[in-house]
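Visitor: Got a predicted model here, sequence first, then my questions.
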Amino acid sequence: MGFLLPLSLLVLLPAAYPGGRNARRRWAAGAQSPGGSSPAPSETTAPPFWMRISPKFIAVPPGSAVWLNCSSSCPLLEDSTLHTGLRRGQVLSGPSWVSFQLLDVRAWSSDVHCFLTCAGVTRGATARINAYKRPHAVILEPPVLEGSEYTLRCHVTRVFPVGFLVVTLQRGGRVIYSESLERFTGLDLANVTLTYALRARPQDLWQPVTCHARLNLDGRVVGSSSAPMTLTFLAWNPASKALTSTSIAALVGILILVGAAYLRKYLLMQSRA
């Protein structure tokens, strides 16, 4: 009984005390708020969620189709939006993700913005798509000697974007000519031919010459090189070769005639002896 009495008094006291029920409520509030005042009701906020876009960076040959996936931790998305200048294809989605297909990617660089909405809150992420094609081949023709100059001709095949291409000629490992093709703005694979006249010098004989094609893609460098060609004094053009062949044939004919005349004279002298 000694243990029941204090409990009974504690239960009966609020009922006997005027406004006891309100006092109990105030006491409960005081127990929750050390300052003695009831805290202000908190505003309803949307649960935080993350989102990402994948892949964030992709490089493809021009004309390709790509898929971008926008995913989140939201259990049930309310809305999804994609901002892009590229042509769209199919759209696939689930409770917390959506995938977009982009068709015929031909612009060198495109930013794609994806937005997802969850519980009234919208978040976004950005991906970048680059379209490029490294040179299929870099071919340096054998140097042709015309007069006092070598004609160097380099072919760069099936490259994109041409406007980011730099073609360089090197002799003995040193740059002798370089040209940027930034004036070209086409959106298709292209073949490029560079022709350069190099003055012939004795010290350049037997020096290797190479052609280099390099794409400067906003800090990313993609390049290819040709097989080396050697500068020689035998690098005549076709007309010079034909003239030289004719001259050699004429010289050989003269030598044969002179030799025949000497042989006849020698035989005649032998017969008289």
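Guide: Arrived safely, thanks for sending. Numbering: from 1, shown residues only.
Visitor: going forward, measure contacts between C-alpha atoms and count neighbours the same way
Guide: OK.
Visitor: Would you check how far apart the closest residue to residue 137 other than its chain neighbours and residue 188 are?
Guide: Using Cα to Cα, 6 or more residues apart in numbering and skipping the chain neighbours, the partner closest in space to residue 137 is residue 157 (5.4 Å). Remark: distance between residue 157 and residue 188 (Cα to Cα, to the nearest Å) = 12 Å.
Visitor: repeat for residue 65
Guide: According to Cα to Cα, residue 65 and residue 188 sit 15 Å apart.
Visitor: Next: residue 270.
Guide: Distance of residue 270 to residue 188, computed by Cα to Cα: 81 Å.
Visitor: what about the two, which has more around it?
Guide: residue 188 (17 against 9; other Cα atoms under 10 Å).
Visitor: Next up, identify which helix or strand that one is on.
Guide: Following DSSP states H and E, one finds residue 188 outside all helices and strands.
Visitor: what's the spacing between the residue nearest to it when sequence neighbours are not counted and residue 254?
Guide: Nearest residue to residue 188, sequence neighbours excluded (Cα to Cα, 6+ apart): residue 160, at 6.7 Å. Residue 160 sits 58 Å away from residue 254, going by Cα to Cα.
Visitor: neighbour-wise, which of those two wins?
Guide: Neighbours were counted for residue 160 and for residue 254 using other Cα under 10 Å; residue 160 has more, 25 against 12.
Visitor: where does the stretch 1-150 of the chain dip in pLDDT?
Guide: 1-47 (pLDDT under 70).
Visitor: This structure: helices as residue ranges?
Guide: 4-16, 20-32, 238-272 (DSSP state H).
Visitor: re earlier: return the per-residue confidence for the residue nearest to residue 137.
Guide: According to the prediction, residue 157 has pLDDT 96.
Visitor: Please apply the same query to the one 4 residues further on.
Guide: Turning to residue 161, the model gives it a pLDDT of 92.
Visitor: Distance-wise, check the residue nearest to it when sequence neighbours are not counted relative to residue 173.
Guide: Closest residue in space to residue 161, ignoring its immediate chain neighbours: residue 132 at 5.9 Å, by Cα to Cα, 6+ apart. According to Cα to Cα, residue 132 stands 28 Å off from residue 173.
Visitor: hang on, isn't residue 109 packed against residue 131?
Guide: Yes - using Cα atoms under 8 Å, residue 109 is in contact with residue 131, at 6.5 Å.
Visitor: which of the two has more neighbours?
Guide: More crowded of residue 109 and residue 131, by other Cα under 10 Å: residue 131, with 22 against 16.
Visitor: Fine, thanks again, bye for now.
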